[in-house]
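quick one: sequence and predicted model below, then my questions.
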Protein chains: 2
Amino acid sequence: MTDRAKHDAMANAIRALSMDAVQAANSGHPGLPMGGADIATVLFTKIMKFDPKAPHWPDRDRFVLSAGHGSMLLYSSLYLLGYEDMTLDDIKNFRQLGYKTAGHPEYGHADGIETTTGPLGQGLGNSVGMAIAEAHLNAEFGDDLVNHFTYVYAGDGCLMEGISQESISLAGHLKLNKLIVIWDNNDITIDGKVSMADSTDQIARFKAVGWNTMEIDGHDPDQIEAALKDAQKSDKPTLISAKTTIGFGSPNKAGTSKAHGSPLGNDEIALAKAELGWKYGPFEVPEDLMDAWRLAGNRGTKARSAWTDRLNATDAETKAEFERRMRGDLPEALKTAMADYKRKLAEEKPKLATRASSQKALEVINGAMPETIGGSADLTGSNNTNTSQTLPFTSNDYSGRYIHYGIREHGMVAAMNGIALHGGLYPYGGTFLTFTDYCRPSIRLAALMGIRVGLVMTHDSIGLGEDGPTHQPVEHLAALRAIPGLLVFRPADAMEAAECWEIALERFKQPSVLALSRQNLPTLRTEYSKDNLCLRGAYSIWGDKDAEVVFFGTGSETQLAVEAAKELTDEGISARAVSVPSMELFAAQSDDYKRTVFGKARARVAIEAGVEMGWSKFLGENGRFVGMTGFGASGEINALYKHFGITTKAAVEAAKAQL
Amino acid sequence: MTDRAKHDAMANAIRALSMDAVQAANSGHPGLPMGGADIATVLFTKIMKFDPKAPHWPDRDRFVLSAGHGSMLLYSSLYLLGYEDMTLDDIKNFRQLGYKTAGHPEYGHADGIETTTGPLGQGLGNSVGMAIAEAHLNAEFGDDLVNHFTYVYAGDGCLMEGISQESISLAGHLKLNKLIVIWDNNDITIDGKVSMADSTDQIARFKAVGWNTMEIDGHDPDQIEAALKDAQKSDKPTLISAKTTIGFGSPNKAGTSKAHGSPLGNDEIALAKAELGWKYGPFEVPEDLMDAWRLAGNRGTKARSAWTDRLNATDAETKAEFERRMRGDLPEALKTAMADYKRKLAEEKPKLATRASSQKALEVINGAMPETIGGSADLTGSNNTNTSQTLPFTSNDYSGRYIHYGIREHGMVAAMNGIALHGGLYPYGGTFLTFTDYCRPSIRLAALMGIRVGLVMTHDSIGLGEDGPTHQPVEHLAALRAIPGLLVFRPADAMEAAECWEIALERFKQPSVLALSRQNLPTLRTEYSKDNLCLRGAYSIWGDKDAEVVFFGTGSETQLAVEAAKELTDEGISARAVSVPSMELFAAQSDDYKRTVFGKARARVAIEAGVEMGWSKFLGENGRFVGMTGFGASGEINALYKHFGITTKAAVEAAKAQL
């Protein structure tokens, strides 16, 4: 049995700090931390395995605050538990520029923040990936090294977002039984009562996708503890519906949307503290309570030291491999394997769709990198994301390296983010480039967090042909290039595809999109190069450096740039073709290098089967763009390129018009 | 009882045309039309109310092929039923450029295509909007004029996408009982069996969100007919799980993913036709079967003529209003009301956030336009989308004009598209600008279809402050401007907000985004103008036309442009400020007008609290941009603007650097 008075006081410490911090910031969300304080107290002080002194311990339990607006629940808990880099000063400066305590939890700001949350449902999606990573690494390294739970705190908003269905149906299908979701069932959203907008029987909904479910009073510590311990024994993922009162303790605002997203006000805080029996001033936590929290924070020390002993007792090779994987370092073998592969490409000069070139590169990568875990949103044969090494990851066999994510692009990328955040694995997954729209919120978060995930986006233009404008990306390259920190690659041939994959793997703190063609493309790079030319972002692929005309191309249109340059040269006008596999990498080059790329050209033409937006840095004021000005159409590929005027002829004419 | 032989032959006509068309195109999806032929035959020939001779009859039942890849199911049915603009030539040229029979159904290509589908789940989302529109117009105009069903044909992909959960939970909550979804339960997706990726009990899932459910054999015409008739009587939306065989009739490919997305091949088609007892050559339908289909197509004539009689018997005012609404014309009263409102603004010069200015404009619009139906994804008080006229649309009262969409941005916009497609209503709805990412696939489809929906996107920059980078749009203006056909407005003050709303309403064939500030902004436009200045997209708001320096600004940064121009002018350097409420509208102006906007300026500076992408047309080669280069941060608004260098001072310096 819980010492109820002690529990209440410990939970009230979270409530008091949260009320005070939101009040000091004069903005924020007190309702959730006050409602969830009992759950957080039990979870952090009795259930979860972690060590504030070693916050990156690989075998720690993960906690995801999917309802990120309740950030003070997490910040106050981390502070109370003794995480060193969450200070009282940070709490006092909640939501202020330069402090770790951002309005929503930001990954990388402080230890113990396992992912960035705020956009609803994303944390739940991440948690499925974390549980996948745990299951897979457990299958690979065994219980001694990998054996932990993923706990999620989700609100009504998380469960209403569509991504939640993708995530829970995937988790249920995969029987991720070490995933435990606590639903803060408080009946309130911003607009008012949940019943204004939703009548879902969440228990029935989760059961329908194969979850274990429980219903408890979220303010009863014994029920909370019992439910969490039961959940740990489940052979399915568990949903704990915890009935809570938003803003618990606030006499006039508890249980209403008024407690959700605004400071309570000093008067109401005084009343709430009185109701809770909290006698302390702003940000004050009495020493005995602080001690109780810190003691609870130290619970994990023993488990961690036992784990370290087990790691040290592991054979040297396994230990080294485990440690390399957790650091995210690439294996030595990869460089050699890729060099060999690129030499072979130079010899064979294959005519392949870049989606197929990507698959060939992945065959080499997956052979050299046991930490890759691939997948597709039900387009395996189209995305070419599978290789000889990728047996399926299933509920019967978590050692598989390929996830059939189902028709769940959003859930897929959120899960990939979770896999990357967990550590030890490199996730990649595919869909059509046009459906980056379906998973864009998760792509954005990968970029914001600075994590390494590989987005294999095939069928990257009107070149996909007959499926028509719904399936033809037109604005997507521009829209993706607009996301800060995201690397967008559009390789022109098999050699560039290999180089782009190498860069994607080497950039540990950036997500990468590989935009790949459905249609076959000739090999333009026929010589082996020790240097990765794509690393420059843009480079001359054909023609004289002092040419009068320069044609820029990406992906499938690079061949048009080369053809146009050759045609003009044949006509006696010197011309050059520049391949632009990545605008972001080019933007990072020195001015000197950039000048060599532009050379002395009097005319510039860019060719890309997408919209012009984003090309100005290449074209300057007078350059011309050959590409799309609106949506595509359903038709045969050659008919489409002709219809939309994306041809060598158009490129040549665009150049001549400038001379 | 069904005459089974006749039914089978009629259904086989769909199968044969579909096989033949896919084969002729050498690409496409034969599996769904073959599997769904029995359902389509019963639905179109016995259940649905429509008239091929009057395809836009407002009171027709709607049919949505959510699984758009099965487009031949729809095309062949329309042809067989006698829709005049779906010809055999179109069928023979399936998926060819210039024909109506695109790979996926494209709204506007042919009568009877009620919405563009292909991106999975969107049609289901649209159908919820169509059912909302029907319910609302029924409440307004009565059973005599509005009383019809919305039928949806959805596949496993539609049900796996997250948007489906948002859509079905909204429909269940609103008890949209005239919405009937047929689930093509064929156990197959592209990668293989559904069971590879999903274990959802769909019946239980739909029950959990308040749906009526049934399970039938999708190849038994009697069961199909009985289920549809039962569904019509339900007081809830209905899911009919129809067990079907994908590629029904193909001896070697039926029931497998091989039948899904590739032509069967001539040999297999011959075998399938033999198995189905279909003795006719490619694209051949015998006369008796053609007659049977055409006769079925004529079933609706009587109902339509009765409806026309009822409309003609309606009082003249109601009839005229109903017809105006269906045409989508704006009411006469709107222009006057808006002019009065703008005159008042010029007098009062309010200092308001543009989200509040938008609300004031909506108050006028909603007063003059009974056809508006507003809403928000649980951010009513933040988006300011409600007005005095907008009582809630609830399951108890469909006459309400405000939808609490819940935390379902994607489902919201898909439903708004459906409302617009249905006709008779103008839907607008709000969320935060950053969450346009959550509904981007539906926004894209609105632009592709060319339909009028209003997207009220508030909290449009780092100006929202403390909520931090997850909530601060940075790349979103660029990413939205990249979508062809979409109008993106960023008004600078209350006057511009009013003008932008007027344009959004007048553009019947374009969706509009209004990007609106959280923070208060001064009135910059203090004079009443009869002309709508925002219609030009960009116009001089302060300063001399021959100024040496021009500052461009949008939204909350327009005031910085004006301040910078004033400051420079005070220093003796002539400067001008240009407000850019819409880049798309400016792009459509004459070269002459554009030249007047750029004037003779030697220096150009653009100021926008977003990324630079898209500004090159304004800046040319040497102009400078003052804005964001990465993600935002959590902090107080003034601290953020200073931190990120978006200030009058920075703008002035950027100008001087060019002089």
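Perfect, thanks for sending it.

quick check, pLDDT for the closest residue to A:Pro350 other than its chain neighbours.
Once flanking residues are discounted, A:Pro350 sits nearest to A:Ala494: 5.6 Å by Cβ to Cβ, 6 or more residues apart in numbering or on different chains. Every residue, glycine included, has its C-beta placed from N, CA and C. A:Ala494 carries a pLDDT score of 98 in this model.

OK, contacts around A:Ala494?
A:Leu345, A:Pro350, A:Leu352, A:Thr354, A:Ser357, A:Lys360, A:Ala361, A:Thr523 (Cβ atoms under 8 Å, 6 or more residues apart in numbering or on different chains).

of all pairs in these, which one is the farthest apart?
A:Ala361 and A:Thr523 (13.7 Å; Cβ to Cβ).

number of residues surrounding A:Ser357?
29 (other Cβ atoms under 10 Å in any protein chain shown).

would you double-check that it falls in a helix?
Yes - checked against DSSP: H, G, I helix; E, B strand; the rest coil, A:Ser357 lies within a helix.

spell out which residues of the stretch 551-659 of chain A are next to chain B.
With Cβ under 8 Å from any Cβ of the partner chain as the criterion, the stretch 551-659 of chain A meets chain B at residues A:611, A:613-614, A:616-617, A:620-621, A:628-631, A:633-636, A:639-640, A:643.

are any of those residues buried, and which?
A:Val611, A:Met613, A:Gly614, A:Ser616, A:Met628, A:Phe631, A:Ala633, A:Ser634, A:Gly635, A:Glu636, A:Leu640 (16 or more other Cβ atoms under 10 Å in any protein chain shown).

you'd agree the third one is in a helix?
No - A:Gly614 sits outside any helix when classified using three-state DSSP, being coil.

got the contact list for it?
A:Leu477, A:Ala478, A:Arg481, A:Ala482, A:Met583, B:Met613, B:Gly614.

can you give me the strands for the stretch 51-200 of chain A?
Assigned by DSSP state E, counting those that start in this stretch, the stretch 51-200 of chain A shows strands spanning A:62-65, A:150-154, A:179-185, A:188-189, A:192-193.

paired strands for the last one, with orientation please.
Right, strand A:192-193. If you go by DSSP bridges, strand A:192-193 pairs up with strand A:188-189 (antiparallel).

so how far is the partner strand off the chain centroid?
The chain centroid and the centroid of strand A:188-189 are separated by 27 Å, computed with Cα atoms, centre = their mean, to the nearest Å.

repeat for stretch A:34-48
27 Å.

quote the end-to-end distance of it.
With Cα to Cα, to the nearest Å applied, stretch A:34-48 spans 20 Å between its terminal residues.

so which of A:Ala361 and A:Thr523 has more stuff around it?
A:Ala361 (27 against 19).

so which of the contacts of A:Ala494 sit within helices?
Among these, DSSP state H puts A:Leu345, A:Thr354, A:Ser357, A:Lys360, A:Ala361 in helices.

who in the stretch 51-200 of chain A is up against chain B?
A:68, A:95-98, A:102-104, A:106, A:116-120, A:156-157, A:160-166, A:169-170, A:172-173, A:189-191, A:196-200.

filter those down to the buried ones.
A:68, A:95-97, A:102-104, A:106, A:116-120, A:156-157, A:160-166, A:169-170, A:172-173, A:189-191, A:196-200.

quick one: is stretch A:369-381 near chain B?
Yes - using Cβ under 8 Å from any Cβ, stretch A:369-381 reaches chain B at A:Ser376, A:Asp378, A:Leu379, A:Thr380, A:Gly381.

could you give the mean pLDDT of that stretch?
98.

tell me which two of the buried ones among the residues of the stretch 551-659 of chain A next to chain B sit farthest apart.
So, those by Cβ to Cβ: farthest apart are A:Ser616 and A:Glu636, at 32.3 Å.

for chain B, what is the nearest residue in the stretch 101-250 of chain A?
Proximity to chain B, evaluated over the stretch 101-250 of chain A using Cβ to the nearest Cβ, is greatest for A:Gly162 at 2.7 Å.

surely that residue touches B:Leu159?
No - A:Gly162 lies out of contact with B:Leu159 (Cβ atoms under 8 Å); the separation is 11.6 Å.

run through chain A and note the low-pLDDT ranges.
A:1-2 (pLDDT under 70).

any idea which element A:Ala577 lies in?
strand A:575-579 (DSSP states H and E).

centre of the chain to that strand, how far?
Centroid separation for strand A:575-579 versus its chain: 35 Å, with Cα atoms, centre = their mean.

up against chain B, what does the stretch 301-450 of chain A have?
A:376, A:378-382, A:392, A:404-411, A:434-435, A:437-438, A:440-441, A:444-445, A:447-448.

which among the residues you listed end up buried?
Looks like these have A:376, A:378-380, A:382, A:392, A:404-411, A:434-435, A:437-438, A:440-441, A:444-445, A:447-448 buried, using 16+ other Cβ under 10 Å.

take those and keep only those in helices.
A:380, A:382, A:409-411, A:437-438, A:440-441, A:444-445, A:447-448.

returning to what we had before: who touches the closest residue to the residue of the stretch 101-250 of chain A closest to chain B other than its chain neighbours in this structure?
Nearest non-adjacent residue to A:Gly162, counting by Cβ to Cβ, 6+ apart: B:Gly162, 2.7 Å away. The contact partners of B:Gly162, taken as Cβ under 8 Å, 6+ apart, are A:Glu161, A:Gly162, A:Ile163, A:Ser164, A:Gln165, A:Glu166, A:Arg408, A:His410, A:Gly411, B:Gly121, B:His410.

cool, thanks, talk later.
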